[in-house]
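1. Whatever this is, show me its structure:
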Amino acid sequence: MYKLAQVAHLAHLAPAASGSASAAPLERWRGPHAALGSAVPGVARYVQNVATASLGLDEVEDSPTAFDGYACIWFASHDSARAAMASSAWATMEADAAALMVGPSRPGSTAAVDEHVIIDGPMGPFKAVWFVRFSDEIRADAARTRDAHAYWIGTHGGAYGVKVPGIDRYVQNHVVGPGDGGAEPGFDGFSECWFQDRAAFDVTQASDEWYQMNADALNIFDRDWIVSGWSALLDERVVVGG
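-> The predicted model follows:
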């Protein structure tokens, strides 16, 4: 599968106190804009995620998120994605996005990502995301960046993440390039976790294993960047693909 992720910054918005988008642009994104996306040929799955609250290291914060949401679109292959992006339906969706969001005009807002499932469980009703960025020293060195991606999978996720209680499903999304042929993404990936409910999420945040995982993050990530509005609770909506 070939997966695209696009960070959404809805235009003409003052972020609400909760950090979430205001109703009118959000309704347009989740309604008419989603319908345009579902009409793109070759879309195997299409999911929109709205940021509802900002996350700190171990708690929900009363501060705005750095983004309003993000969408992920899956295609059967890179070739089918190329064909979709050459279609008139894609052009119509992009034109609507340009009017609705400032995200498409921001360099680095769209990325092609590789999924790595760390905990293979159910997609529960409670979801959170952590966008991540490697330290500047790592990002400046291609070899160290490759090693950091491997460390993220094998150690940060495979040794620490799998031990954290409360998580039903944990998926890492590693950036492999700009999804639209434009600027290099301003992030190196994002981790998505699903939980049975808020209580399970709170168990995760309060656990020793979570603190150990946060400490390990310092080995590769710019942790201050991650908690500067780039981590959030989400309202997930599956548009195509069930």
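2. can you give me the strands for this structure?
-> With DSSP state E as the criterion, the chain has strands at 2-8, 43-55, 60-61, 69-75, 110-119, 126-132, 169-178, 189-195, 231-240.
3. buried ones in the helix of greatest length in the chain?
-> Across the chain, the longest stretch assigned as helix under DSSP state H is helix 88-100. Using 16 or more other CB atoms under 10 Å as the test for burial, helix 88-100 gives 89-90, 93, 96-97, 100. No exception for glycine: its C-beta is placed from N, CA and C like everyone else's.
4. Could you list the low-pLDDT ranges of this structure?
-> Along the chain, the parts satisfying pLDDT under 70 run over 11-23, 102-108, 180-181.
5. any idea which residue sits dead centre in it?
-> Nearest residue to the geometric centre of the chain (CA atoms, centre = their mean): Phe190, 5.0 Å.
6. my guess is Cys193 meets Tyr170, correct?
-> Yes: contact between Cys193 and Tyr170 holds when scored by CB atoms under 8 Å: they sit 5.0 Å apart.
7. The nearest residue to Ser228 once chain neighbours are set aside: what's it in contact with?
-> Nearest non-adjacent residue to Ser228, counting by CB to CB, 6 or more residues apart in numbering: Ala66, 6.5 Å away. By CB atoms under 8 Å, 6 or more residues apart in numbering, the contact set of Ala66 is 228-230.
8. if I look at the residue lying farthest from the centre of the chain, how far off is Val239?
-> Taking CA atoms, centre = their mean, the residue of the chain most remote from its mean C-alpha position is Ser88, at 26.3 Å. Per CB to CB, to the nearest Å, Ser88 is found 19 Å from Val239.
9. Buried ones in stretch 214-233, by neighbour count?
-> Buried residues in stretch 214-233, defined by neighbour count with 16+ other CB under 10 Å: 214, 216-217, 220-223, 225-227, 229-233.
10. Among the residues you listed, which pair sits farthest apart?
-> Farthest apart among the buried residues of stretch 214-233 by CB to CB are Ile220 and Leu233. That separation is 24.0 Å.
11. residue contacts, Ala39?
-> Residues in contact with Ala39 (CB under 8 Å, 6+ apart) are 89, 92-93.
12. for Phe201, same thing?
-> Here Phe201 is in contact with 126, 128, 166, 195 (CB under 8 Å, 6+ apart).
13. Tell me the one of those nearest His116?
-> Lowest distance from His116 to those (CB to CB) belongs to Ala128, with 17.2 Å.
14. hey, C-alpha coordinates of stretch 148-156 in PDB?
-> C-alpha atoms of stretch 148-156 as PDB (Å, rounded to 0.1, in the frame of the first residue of the first chain):
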ATOM      1  CA  ALA A 148      17.100   7.000  13.600                       C
ATOM      2  CA  HIS A 149      14.200   5.500  11.700                       C
ATOM      3  CA  ALA A 150      15.500   2.000  12.400                       C
ATOM      4  CA  TYR A 151      15.900   2.900  16.100                       C
ATOM      5  CA  TRP A 152      12.400   4.300  16.300                       C
ATOM      6  CA  ILE A 153      11.000   1.000  15.000                       C
ATOM      7  CA  GLY A 154      13.300  -1.500  16.800                       C
ATOM      8  CA  THR A 155      14.100   0.200  20.100                       C
ATOM      9  CA  HIS A 156      11.700   3.100  20.800                       C
END
